[in-house]
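Trainee: structural data only, the sequence is not supplied:
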């Protein structure tokens, strides 16, 4: 199992609208690529400052699918996010592999 984790810090004044947009628009587009079987979204509780942080974890059954997503779909979807929330967010991505 491969997890494509996207951690986003979003300004508190945009948090509610961002979360709605993520759940109604962005995440459905990611899932429609067929590269992930499911996703989970978590609010980071230990974060401090003027922004809220979220971890969105997309679960795939193969590294090949994640690589296809990153090459074929992620640039467009990331650009949409950046254009919509420019200067209101920071994001970083991590690939994780389940062990044991």
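Mentor: Received, thanks. Computed from a prediction, not measured in an experiment: that's the story for all the values here.
Trainee: now stretch 34-52: buried residues?
Mentor: 35-36, 39, 51-52 (16 or more other C-beta atoms under 10 Å). Using the backbone N, CA and C atoms, a C-beta is placed for each residue, glycine as well.
Trainee: same thing with stretch 55-67?
Mentor: Across stretch 55-67, burial judged by 16+ other C-beta under 10 Å covers 56-60, 65-66.
Trainee: if you look at these, which of them are in strands?
Mentor: 56-60 (DSSP state E).
Trainee: put together a markdown table for the residues you listed, with pLDDT and distance to residue 72 on each row.
Mentor: Formatted as a markdown table, these follow (pLDDT from 0 to 100; distance: C-beta to C-beta, whole Å):
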| residue | pLDDT | distance to residue 72 |
| --- | --- | --- |
| 56 | 98 | 19 |
| 57 | 98 | 20 |
| 58 | 98 | 15 |
| 59 | 98 | 18 |
| 60 | 97 | 14 |
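Trainee: residue 98: which of the residues you listed is nearest?
Mentor: Nearest to residue 98 among those is residue 59, at 8.8 Å by C-beta to C-beta.
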